[in-house]
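A.B. asks: Attaching a predicted model along with its sequence, questions to come.
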Amino acid sequence: MLRRRFLTAAAAATAFSGMRLSAQPKPSLLDKARGLASAPYVPPKSQLPPPFAGLDYDAYRGIRPIPGRAAELPLGTHYSVDLLPPGLFFPNPVRIDRDTGFGPQEVAFAPHLFSFQERYFDTIPETAPGAGFSGLRLRHPLNAPDRMDEVLVVQGASYFRAIGQEMIYGLSARAVSIGTGGATPEEFPRFTHLRLHQPQHGTIRLEGVIDSPSLAGHIDMTLQPGADTVIDISCTLMPRREIADIGVAPLTSMYLKGPLRASVSDDFRPRVHDSDLLLIENGAGERLWRPISNPAQVETSAFVDAKPASFGLFQTPRAFVDYEDTEARYHDRPNAVVRPKGDWGPGAVVLVEIPTGDEFMDNIVAFWRPDAPLAPGSEHRFDYSLHWTLSPPAQGEAARILQSRSGREHDQAGTRRYVIDISGDATGRIPEITAQKPAKITGVSLFELPDQRGTRVTFLFTPSETDSVDLRLVVRDPSTKQGDAIWLHRWTRARDGGV
């Protein structure tokens, strides 16, 4: 799961001019997906033709959509689209339909839609048989009325990501995942067909057909850009085989280091991550705060639930000094929150944490997994909204976890100190900490922070001979109606085998 910084490789452009379009009645994309699901899977051709074959990162960035041919093609008065070239990590063609007011029309792919930097390319052929667009980038006057800013990118497998006002791209979403974090290689369903509809009432609709060896599917997204950008999504999955390891509404992010385990990376920056928290609002009305880690080996955590209210990956620190990175601007990267609609039934929110040694790999995935496997020949629809926001988790009546830190206790070998800060004052609050045996919890202390900054809980953790321990902290306040703060953490041994 490489970082998708390549999504922004194409250039900005201007207005629409002549383009070859095919205008024929188009079938429903949902029916097209159903047709795929009823037939054997046909894999795409693996080899790209010149000039898109064998490109490195710099050469791929040297391909630019030409204004009026493949860049800033208008969609109504407040949207435009850039069509992205194939190459590098994006070899598979995606058919793209665009509705200019006369129904959806396929945009014909050709090399002449793009410019090619001469330092990387010689003669450009007129045709590239088998090649096609790799995705699209949607623009909207998000931050200023006279500037068409990026708001959504769809490129690579079934990945997409969006931003709201004053944000830069960070974590991504996918239509579906299969086998994430499992013992066998992960399967990446891909978009084969995208269709952009005419905007209505400030929103724009995008459909996609999904295909892979194990399933076919259809996604229907309605995008509402703004201070927070919200996408209403209906995703229909049609398995070709039984799938027990499905991931619904998957979110994909990066976490290298932070104060929970700063020793992972010797780096001048105090934090390096796109997200540092999984927050779950479960069907029982609890709010589960699960700080993210960069473990020494793959760790998978499942939070069993029924009728989940929401789950999301959050970037909680929002000041530049939290990261000290002028280029990456981690403090401006969005949170993404999934809010299911209807009854998703029993299942679990699953968190997969994959070890990484740098910030160029996505190593965090969170998704919903139904209890029952998806049967071949069946059809499953999942409706939800996906919110891209800079706002912290809403407080409401429940306490909030403000930060989580830990470090080795230097005068006690094999022991680690944890520090968790919680909103609200310390009066009457009682910490309850549990851990699996033979691990020991000692030195529990709760006290108020200076300047009304909240309440701090600190304790010592000694794992003994175990290699993995799930910790749970609940801070109760029997004297008030404020909800309990539930903090969850999986400790695993450091890369050097220490605590």
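C.D. replies: Nice, I can see it.

A.B. asks: so how far is stretch 221-236 from its chain's centroid?
C.D. replies: Relative to the centre of its chain, stretch 221-236 is centred 14 Å away, using CA atoms, centre = their mean, to the nearest Å.

A.B. asks: which outside residues touch it?
C.D. replies: Contacts of stretch 221-236 with the rest of the structure, by CB atoms under 8 Å, 6 or more residues apart in numbering, involve 30, 33, 138, 140, 142, 151-152, 160, 162-165, 175-176, 202-208, 217-220, 248-249, 379-391. Quick note: C-beta positions are derived from backbone N, CA and C, even for glycine.

A.B. asks: same question, stretch 319-332
C.D. replies: Under CB under 8 Å, 6+ apart, the answer for stretch 319-332 is 166-168, 170, 268-274, 315, 317-318, 359, 390.

A.B. asks: what sits against Thr415?
C.D. replies: Thr415 makes contact with Arg408, Glu409, Leu460, Phe461, Thr462, Val499 under the criterion CB under 8 Å, 6+ apart.

A.B. asks: leaving aside the residues next to it on the chain, what's closest to it?
C.D. replies: In space, and not counting its chain neighbours, Thr415 is closest to Glu409: 4.3 Å by CB to CB, 6 or more residues apart in numbering.

A.B. asks: Just the pLDDT at Arg5, thanks.
C.D. replies: For Arg5, the model assigns a pLDDT of 38.

A.B. asks: For this structure, which segments are assigned as helices?
C.D. replies: 29-37, 57-61 (DSSP state H).

A.B. asks: Just give the number of residues close to Ala39.
C.D. replies: 9 (other CB atoms under 10 Å).

A.B. asks: What of Pro438?
C.D. replies: For Pro438, using other CB under 10 Å, the count is 11.

A.B. asks: Could I get the phi/psi values of it?
C.D. replies: Dihedral pair for Pro438: phi -90, psi 10, per degrees, to the nearest 10.

A.B. asks: Can I have the buried ones of the contacts of Thr415 as a PyMOL selection?
C.D. replies: Burial among these is assessed by 16 or more other CB atoms under 10 Å; the matching PyMOL selection reads:
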select buried, resi 409+460+461+462+499
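
A.B. asks: follow-up on the earlier one: mind checking which of the contacts of stretch 319-332 are in strands?
C.D. replies: In strands, judged by DSSP state E, the following of those are found: Val272, His273.

A.B. asks: Just the buried subset of the contacts of stretch 319-332, please.
C.D. replies: Met167, Gly170, Arg269, Arg271, Val272, His273, Asp274, Gln315, Pro317, Glu359, Leu390.

A.B. asks: so what's the first one up against?
C.D. replies: Read that as Met167. Going by CB under 8 Å, 6+ apart, Met167 touches Asp332, Arg333, Pro334, Trp388, Leu390.

A.B. asks: quick one on the thing from earlier: I'd like to know which of the contacts of stretch 319-332 is nearest to Pro438.
C.D. replies: Proximity of those to Pro438 (CB to CB) peaks at His273, which lies at 31.7 Å.

A.B. asks: What residues are bridge-paired with the closest one?
C.D. replies: Tyr255 (DSSP bridges).

A.B. asks: looking at it, it is touching Gln315, isn't it?
C.D. replies: Yes. Using CB atoms under 8 Å, His273 is in contact with Gln315, at 7.3 Å.

A.B. asks: Regarding Asp411, what are the backbone dihedral angles?
C.D. replies: According to degrees, to the nearest 10, Asp411 has phi -100, psi 10.

A.B. asks: Tell me how many other residues crowd it.
C.D. replies: Using other CB under 10 Å, Asp411 has 6 other residues around it.

A.B. asks: And for Gly182?
C.D. replies: Gly182: 14 surrounding residues under other CB under 10 Å.

A.B. asks: per-residue confidence for it?
C.D. replies: 93.

A.B. asks: Need phi/psi at it.
C.D. replies: With angles defined as degrees, to the nearest 10, Gly182 sits at phi -90, psi -180.

A.B. asks: Name all residues that make contact with it.
C.D. replies: Going by CB under 8 Å, 6+ apart, Gly182 touches Asp245.

A.B. asks: Next one: it from Ala302, what distance?
C.D. replies: Noted for Gly182: a distance of 13 Å to Ala302, by CB to CB, to the nearest Å.

A.B. asks: now swap in Pro185 and tell me
C.D. replies: 21 Å.

A.B. asks: do Glu359 as well
C.D. replies: On the measure of CB to CB, Glu359 and Ala302 end up 27 Å apart.

A.B. asks: Narrow the contacts of Thr415 to those in strands?
C.D. replies: Counting by DSSP E, the part of these found in strands is Arg408, Leu460, Phe461, Thr462.

A.B. asks: Now render those residues as a markdown table, adding pLDDT and distance to Leu73.
C.D. replies: Converted to a markdown table, those look like this (pLDDT from 0 to 100; distance: CB to CB, whole Å):
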| residue | pLDDT | distance to Leu73 |
| --- | --- | --- |
| Arg408 | 95 | 56 |
| Leu460 | 98 | 60 |
| Phe461 | 98 | 56 |
| Thr462 | 97 | 62 |
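
A.B. asks: Closest one of the residues you listed to Lys307?
C.D. replies: Comparing the ones in strands among the contacts of Thr415 against Lys307 with CB to CB places Phe461 closest, at 33.4 Å.

A.B. asks: where does the stretch 351-499 of the chain have low pLDDT?
C.D. replies: Scanning the stretch 351-499 of the chain for pLDDT under 70 picks out 396-397, 480-483.

A.B. asks: Could I get the full set of strands for it?
C.D. replies: Using DSSP state E, counting those that start in this stretch, the strands of the stretch 351-499 of the chain run over residues 364-370, 380-389, 401-408, 416-422, 430-435, 440-448, 455-462, 468-476, 485-492.

A.B. asks: Of these, flag the one that's most buried.
C.D. replies: Counting by mean count of other CB atoms under 10 Å, strand 364-370 has the highest mean neighbour count of the strands of the stretch 351-499 of the chain, with a mean of 23.

A.B. asks: and the helices of the chain as a markdown table, adding distance to Ala306?
C.D. replies: Formatted as a markdown table, the helices of the chain follow (distance: least, CB to CB, whole Å):
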| stretch | distance to Ala306 |
| --- | --- |
| helix 29-37 | 28 |
| helix 57-61 | 45 |
